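Asks: Show me the folded form of this:
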Amino acid sequence: MNLDDFHHLDAPWSELSACVVGTGISGSAVVRALREKNARVVVVDAADDDRARTRATELEALGASVRLGDDATLPDGVDVVVTSPGMRPTAPLFAAADAAGVPVWGDVELAWRLRPREGAAPWLAITGTNGKTTTVRMLASMLTAAGLRAEAVGNVGTPVLDAVLARDLDGNQAYDVLALELSSFQLHWLTPWTEGSNAPRMRAAAVLNIAPDHLDWHGSPEAYAAAKGRIFAGAEVACVYNSADPATEKLVREADVTEGCRAVGFGLGTPAPGNFGVVEDLLVDRAFVADTRNEAAELAALADVVPAAPHNVANALAAAALARAHGVPPEAVRQGLRTFRPDAHRIAHVATVDDVAYIDDSKATNGHAAAASLRAYPSIVWVAGGLAKGASFDELVAEARDRLRAVVLLGADRAVIREALERHAPDVPVSEVAATDTGAMDLVVRTAAELARPGDTVLLAPACASMDMFLNYGARGDAFAEAVHRLPGNVS
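Replies: This is a model prediction of the structure:
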């Protein structure tokens, strides 16, 4: 079978036989999409417990065959494997597919191939180690403010497959444009675009930052960065990069893009011609104006960005660059920022007690994210720790030490952060909370409150994953907020 034929909604999908990996949210969305087009589908999953069997029954009701307890053996007679994003590329199933000459698609690739032949909603895409979700939601807010039917999809919100296939009451496409958040896992599985190919390509794309992450999955920092760089392949209007992060600019230089696509940098300083930046208290565009050397479009004030922490201003500039690449006027960028509020646990103000601010940035699950949060405040009692995932914290501590009033550590790998503090900030007071029960966060917050002085910020920016003590980073942030609200004092 020639899979090059499967590049639009009207392709002969009923002739396709697909192996779908996983019965979870992503796999279920893939099965629904393929069965709606009458493709033959067999689903494989390593799990064979009650939950998996329940999901299998639901998928079988859609007409799929399901094999539980084995996701390593390639089913006979399949034309393509469609994998969930998190499945490791070293899995035996993919080796078997490669040996049999069977291609592997991700859910994003399938969504691209299921787009209408004509008039499909363009994709504006965002990736990066940190800040993806906030930025893609900012972008969706700007697009909506411009009167466009837009949605944040992909690695956040609506699955991209569901968005591509969604229809309005008249049977037309439900969206004018899609704002995609793409993880390194999703990007790894994209077919690389080349001139003349039908591989996925973005109208405009942004890489916010690059820091070592998911190296156990990708195998090396180079492979991780290369996966991120795939977002630029075939970009039509703009490749947006972080002027303060040379790794993102390098990905633009190496990208194979459409003729006429421009490189657009964003940063917190005065922008050079062709870039986005900040002039006094204004976010400005010197890229999508008539005269980039002598003109700048005023987009918004710093006060329109909530919170106006440096890394969040950078997020706003990246979102604005993508919006402007799609023709969104400055006033819609401003209105989109004014109406946007970040998701929970992202540098969120919890309360002020005795003139000490308590900030929940539980989503800062790695050193790069925590460093951005620490830069936002001048005097901090830092709450950190959890599962370090093999990370080192020397650079983080060395950069932040002059801002640290004190540190309160918790979690399984707190000793790794303590040792970095001993090396690089030996004069900063450090308290450790060894408890792991439900009362641990109360003790953490009380200890932080005792160490703080009026005007300080108690900042939960753990730089670690949460699963040693909590269900997820959200549960950790909730526990922090609840403990803050239990503090005695005047809470505002």
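
Asks: so what's Glu295 closest to, chain neighbours aside?
Replies: With sequence-adjacent residues excluded and distances taken as Cβ to Cβ, 6 or more residues apart in numbering, Glu295 is closest to Val289, at 4.3 Å. Quick note: C-beta positions are derived from backbone N, CA and C, even for glycine.

Asks: ok, that neighbour to Ala100 distance?
Replies: Computed as Cβ to Cβ, to the nearest Å, the Val289 to Ala100 distance reads 53 Å.

Asks: Of those two, which one has the most company?
Replies: Val289 (17 against 11; other Cβ atoms under 10 Å).

Asks: From what I see, the residue nearest to Glu295 and Glu298 are in contact.
Replies: No: judged on Cβ atoms under 8 Å, Val289 makes no contact with Glu298 at a distance of 10.6 Å.

Asks: hey, which helix or strand in the chain has the poorest pLDDT?
Replies: In the chain, no helix or strand scores lower on mean pLDDT, DSSP states H and E than helix 215-218, which sits at a mean of 72.

Asks: Who are the packing partners of that one?
Replies: Here helix 215-218 touches helix 184-188, helix 221-229, going by 3 or more Cβ pairs under 8 Å, 6 or more residues apart in numbering; DSSP states H and E.

Asks: One more pass at 7 Å, please.
Replies: Here helix 215-218 touches helix 221-229, going by 3 or more Cβ pairs under 7 Å, 6 or more residues apart in numbering; DSSP states H and E.

Asks: what's the burial count for Phe340?
Replies: Phe340 sits with 21 neighbouring residues when counted by other Cβ under 10 Å.

Asks: Ok, Ala384 next?
Replies: 27.

Asks: do Thr133 as well
Replies: The burial count assigned to Thr133 is 20, neighbours taken as other Cβ under 10 Å.

Asks: can you offset everything so residue one is 739?
Replies: New numbering, starting at 739: the last item is Thr871.

Asks: Next, it: phi, psi?
Replies: Backbone dihedrals for Thr871, given as degrees, to the nearest 10, come out at phi -70, psi -50.

Asks: List of residues touching the longest helix anywhere in the chain?
Replies: Ranked by residue count under DSSP state H, the longest helix found in the chain is helix 1048-1063. With contacts defined as Cβ atoms under 7 Å, 6 or more residues apart in numbering, helix 1048-1063 is touched by 862, 869, 872-873, 876-877, 880-881, 942, 944, 946, 975-976, 978, 980, 1002, 1004, 1006, 1014-1016, 1021, 1023, 1025-1026, 1037, 1040, 1043, 1071, 1075, 1085, 1110, 1113-1114.

Asks: For PyMOL, what selects the buried ones among those?
Replies: Applying 16 or more other Cβ atoms under 10 Å to the contacts of helix 1048-1063 leaves a buried subset, and the PyMOL line that selects it is:
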select buried, resi 862+869+872+873+876+877+880+881+942+944+946+975+976+978+980+1002+1004+1014+1015+1016+1021+1023+1025+1026+1037+1043+1071+1075+1085+1110+1114
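
Asks: Among the contacts of helix 1048-1063, which ones are in strands?
Replies: The strands, defined by DSSP state E, take in 862, 942, 944, 976, 978, 980, 1002, 1004, 1014-1016, 1021, 1023, 1037 from the contacts of helix 1048-1063.

Asks: Which two among the residues you listed are spaced furthest apart?
Replies: The span of these, defined through Cβ to Cβ, is set by Leu862 and Val1016 at 22.1 Å.

Asks: domain ranges for the protein?
Replies: As given by automatic domain parsing, the domain ranges for the chain are 753-840, 848-1077, 1086-1223.

Asks: Okay, now the second one: how far is its last residue from its first?
Replies: Spelled out, that is domain 848-1077. End-to-end distance of domain 848-1077 (Cα to Cα, to the nearest Å): 33 Å.

Asks: With stretch 1172-1183 instead?
Replies: End-to-end distance of stretch 1172-1183 (Cα to Cα): 13 Å.

Asks: Please enumerate residues in contact with that stretch?
Replies: Applying Cβ under 7 Å, 6+ apart, the contact partners of stretch 1172-1183 are Val1121, Val1146, Leu1148, Val1171, Met1207, Ala1217, Phe1218, Ala1221, Val1222, Arg1224, Leu1225.

Asks: Which residues belonging to it are considered buried?
Replies: Neighbour counts over stretch 1172-1183 (16+ other Cβ under 10 Å) mark Ala1178, Met1179, Asp1180, Leu1181, Val1182, Val1183 as buried.

Asks: And for stretch 772-789?
Replies: Buried positions in stretch 772-789, judged by neighbour count with 16+ other Cβ under 10 Å: Leu772, Arg773, Lys775, Ala777, Arg778, Val779, Val780, Val781, Val782, Asp783, Ala784, Ala785.

Asks: Just confirm the second one contacts Leu800, I think it does.
Replies: Going back to what we said before, that points to Arg773. Yes: counting by Cβ atoms under 7 Å, Arg773 does reach Leu800; the two are 4.7 Å apart.

Asks: ok so, going back, how about the domains of the chain, which one is nearest Leu747?
Replies: Of all these, domain 848-1077 sits nearest to Leu747, with 4.9 Å by Cβ to Cβ.

Asks: can you give me how far that closest one is from the chain middle?
Replies: Chain-centre distance of domain 848-1077: 11 Å, with Cα atoms, centre = their mean, to the nearest Å.

Asks: show me what contacts the residue most central in space within the chain?
Replies: The residue lying closest to the centre of the chain (Cα atoms, centre = their mean) is Lys870, at 3.5 Å. The neighbours of Lys870, taking Cβ under 7 Å, 6+ apart as the test, are Ile864, Asn893, Glu919, Leu946.

Asks: What separation is there between Trp1004 and Ala884?
Replies: Not Trp; residue 1004 is Phe. Phe1004 is 19 Å from Ala884, where distance means Cβ to Cβ.

Asks: Show me the contacts of Lys870 that map onto strands.
Replies: Mapping the contacts of Lys870 onto strands (DSSP E) picks out Ile864, Glu919.

Asks: Lowest-confidence one in the contacts of Lys870?
Replies: Least confident entry in the contacts of Lys870, by pLDDT: Asn893, with 83.

Asks: list the contacts for it?
Replies: By Cβ under 7 Å, 6+ apart, the residues touching Asn893 are Lys870, Glu919, Leu920, Ser921, Gln924.

Asks: The nearest residue to the fourth one once chain neighbours are set aside and Gly866, how far apart?
Replies: I take that to be Ser921. Among residues not flanking Ser921 along the chain, Asn893 sits closest, at 4.7 Å (Cβ to Cβ, 6+ apart). Going from Asn893 to Gly866 by Cβ to Cβ gives 11 Å.
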